[in-house]
Each structure stands twice: as structure tokens, then as C-alpha cells.
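Visitor: Below are the sequence and a predicted model; questions follow.
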Amino acid sequence: MVEHCLVVGAGAAAFGFASAIREAGYQGRVTVVGAEPVPPYERPPLSKQYLLGKKAESEILFRPVAFYEERSIELVLGDPVEEIDLERRVARTRAAREIGFDQLVLATGAVPNRLPVPGAELPGVFVLRSLEDARGVRAALSSAQRVVVIGGGFIGCEVAASARTLGKQVALVETLPVLLGRALGETIGAAITRVHERAGVELHLGRKVIALEGRERVERVLLDDGTSLPAETVIVGIGVRPAVPAIRGELTIEDGVVVDATCAASVPGVWAAGDVARWWHPVIERSIRVEHFDNALAQGACVAKGVAGRPETYAPVPSFWSDQYDLTIQQYGYPIEWDELVVRGDLDAPSFTAFYLKDGRVCGAVIVKRPREMRPARRLVEAMARVDRALLADERVDLRSLAP
């Protein structure tokens, strides 16, 4: 009997898997089940090019349906898996379809956190994760003039930048004293904060939203200091959580599906990839979960090798990028606490490369408007290199001469 591999989820991790599974030599049946009625697509453009009208929906698809047909991969779209019985090896969808499997790949991604305040369900309040979300936000921005963004992480900053580029009045609320403080730290976060200030974003930092108000739709956002922000559209970007369907069986779940260094879960024949996977990283010797596009693609491809019987250790340097106005912020690094920051360049311009060090070793880097330094910076992070701080900071020193 032909083996059947079921992929639950149809995002970047599922596409990474689908792109690699036949090259890995797997001859069994493959079925990809997705909650959305469209084939796998790129999410990063949703908060940028798609909102700005620079990319159509057809342009964000990874591949047309014919790509999957040519690879004998069945797509089941618009019918999410709601329950998985690991003992019977059967998944049940919302439409009560039962799909048996021999191997299972969990690529369910993450779901956005909702704002836990009164009025959060009013019309005109959006999160931005799916294409459907982006359609709603884009339609709202076509007529709204006053926009409030809640959350100063990457999604919030990207949406604020897109809305300002469209000429909207934008207010952004963040609980930390700087934007991107959780991801980049206070010094680099302050540099990005200045970019948004200069672009005309009205910032409310160190503040919390206590309520949203309006009659038929949202009209204002109330802050903990008594400020009332007028709003025709509100976009909430306050993080995500792993999307794990109901599981019957002894699968280890702890802030995501726990997997080993090859992305194999605690139940034989079960794998996880992308935002939902918490895997053991052998370089930094800890379990991590990474919510980045590049990671999802690569991890899905790694799982394909495991399903095909050729598992490999997955140990990348996590990487991420963000486009805001005319800036591309490129980040490399292991998600560990740093104890020192070394900056070369001008934070105020901004044009810089910043290195995060832990115990004297380079564990991360952020590059803004210095494309020639991206590759050597990444090599320094990959090697967790020990480099003289003065050399790292000296712009006269070519980083390529420091990278191993």
C-alpha cells in the first residue's frame, strides 16, 4: 500500500516542504490541507507591497495550482483540520472530512493575538495575518484618513509605514519606550523610532490601550493616560501564538510542537515546521521557535528530507528582513540575550551595522542601508566569532577581513 503523508497547513512551511519532497525521493501520496481557499502564498508582502497596491494577489502566490499537480501533490483548500487522532492516524476537517495518514507534517503556523479590551470586536478593527485580513485592511485604508496602529513590532511598524506612504494620518501605540524594542533592543529601536517620527507618525510610547469605542464601528482608541485617539481604522499587531489543532495522543506541546534537531516530534512519523515548531538548535543548545518567513521555507524543506527517510540536522542562523519606507532592515542572529552592542555607522541617518555580542562572541547583527556588509556580518554571526570591538566599530575596516 502506498504511504500517505499529510501536511496540515498551507503556508510558507508547507510550500517549502512541497518544493523539496519529490527531490528528496519520496514516492508516496502527499496531501496539503489549508484553512484558506487559496494555494500557499507569501505573507511578507501583505503589510507592504500588497497594502500599497504594488502587488496583486496573483503575484504573491508561491506557485500556481499546476505546480502541485505536476508533483502529484493534492491540495485541499478552505477546509481546515480541526482535530488529529494520532493513535488512529486520522485527521478530521471542519467539513467532517476524514483523512488518514502514515506520516504527518504540522505546518499550521501561528494566529494573531487579539486585543483584550472592550470594543476590540468593533467593525473597523483588524489584525493582519492572512490574505483575507489584508483585503480588509486595504479596503479600509482606501477611504479612512485616521489610522491607529496598536503594537510597535515589525508588523505594526510596517503597517504604519505603509499607511503613511498612502498619505494617512497615523498614530502608533506601543507599551515599550521605543519601537521594535523586543526584537532589536533599545538603542537600535530608538533609531527606527526616529525614522517613524520624521515620517510623521504620531507615537504614543510607553502607553497601553484600555478600550476602543464607537457606535456602528470604531471611532476612537482610549489610552491609559486618558488620551483619546480618533480612528476610522485600527490595526492590531501585538504578536502571535502557535496554531496547534486539537490533538488526540501524547504529542509534546510547549509553546508550539516540540521537535528534535531534525524536526521530528515526540510521536514517530510526526514532524513540524515553521512558526508552530519549537526545535532543538544544536549550535546554541536550546529549543527555539522562530516566526520568520525564511525559516518556515527552509524548515519545511528540511522536514521533506526526514519524511523521505533522510533526516538532517536543522541548524540555521535565523534571519529576517523588514521594509519600512525606503529602509530595509536585515537581521541575523540567534535568539539569545546579548550583553554588548557594537555599532558601525550612523544610527541617526540611519545607515549602520550593529553587532550583538554575548560573552565576547557575535551572536546577532542588524544591517540598515549597508548592503555590502550583509554577507560578512552573517558569516560573523554563523561563526559566533570573537572579534576586537574596535575593529567591528571601525568603518575603515572591511568586515570581509574579519569574517572567518
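Guide: Ah, there it is.
Visitor: May I have the residues that are in contact with A96?
Guide: For A96, no residue meets the contact criterion (C-beta atoms under 8 Å, 6 or more residues apart in numbering). Heads up, the C-betas are built off the backbone N, CA and C, glycines and all.
Visitor: Report the contact partners of R207.
Guide: Counted by C-beta under 8 Å, 6+ apart, R207 has contacts 173-175, 223-225, 227.
Visitor: just these now: which is nearest A298?
Guide: E174 (30.4 Å; C-beta to C-beta).
Visitor: Neighbour count and secondary structure for the contacts of R207 - can I get that in CSV?
Guide: Putting the contacts of R207 into CSV (neighbours: other C-beta atoms under 10 Å; DSSP: H, G, I helix; E, B strand; the rest coil) gives the following:
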residue, neighbour count, secondary structure
V173, 26, strand
E174, 27, strand
T175, 17, coil
L223, 16, strand
D224, 14, coil
D225, 10, coil
T227, 14, coil
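Visitor: Now flag whichever of those is closest to I192.
Guide: E174 (11.3 Å).
Visitor: Quick check: the residue nearest to that closest one when sequence neighbours are not counted vs S351, distance?
Guide: Using C-beta to C-beta, 6 or more residues apart in numbering and skipping the chain neighbours, the partner closest in space to E174 is G152 (3.0 Å). G152 is 22 Å from S351, where distance means C-beta to C-beta, to the nearest Å.
Visitor: Neighbour count for those two, which is higher?
Guide: G152 (29 against 14; other C-beta atoms under 10 Å).
Visitor: who's the nearest residue to E213 once chain neighbours are set aside bridged to?
Guide: Nearest-residue entry for E213: R220, 5.0 Å, with adjacent residues in sequence omitted and distances by C-beta to C-beta, 6+ apart. In this structure, R220 bridges to E213, P230 when assessed by DSSP bridges.
Visitor: was I right about R220 contacting G214?
Guide: Yes - counting by C-beta atoms under 8 Å, R220 does reach G214; the two are 6.8 Å apart.
Visitor: Can you pull out the low-pLDDT segments for the stretch 1-150 of the chain?
Guide: Counting by pLDDT under 70, the stretch 1-150 of the chain contains no low-confidence range.
Visitor: which residues in it form helices?
Guide: 12-20, 57-60, 65-70, 131-141 (DSSP state H, counting those that start in this stretch).
Visitor: Name the single longest helix found in the protein.
Guide: Taking DSSP state H as the criterion, the chain has its longest helix at helix 181-198.
Visitor: Now that one: buried residues?
Guide: 181, 183-185, 188-196 (16 or more other C-beta atoms under 10 Å).
Visitor: on that earlier part again, phi, psi for the residue nearest to E174 please.
Guide: With angles defined as degrees, to the nearest 10, G152 sits at phi -110, psi 30.
Visitor: Would you mind measuring from it to V366?
Guide: 16 Å.
Visitor: wait, what's in contact with S143?
Guide: E232.
Visitor: measure it to Y41 for me?
Guide: 25 Å.
Visitor: Same check on F67?
Guide: From F67 to Y41 the distance is 12 Å (C-beta to C-beta).
Visitor: Likewise for A393?
Guide: For A393, the distance to Y41 - C-beta to C-beta - is 41 Å.
Visitor: Give me the more crowded residue out of these two.
Guide: Neighbour tally, A393 and Y41, criterion other C-beta under 10 Å: the higher count belongs to Y41, 22 against 15.
Visitor: okay but the more buried one is in contact with R63, surely?
Guide: No - using C-beta under 8 Å, Y41 makes no contact with R63, being 9.6 Å away.
Visitor: so G306, which of the three states?
Guide: Following DSSP: H, G, I helix; E, B strand; the rest coil, the label given to G306 is helix.
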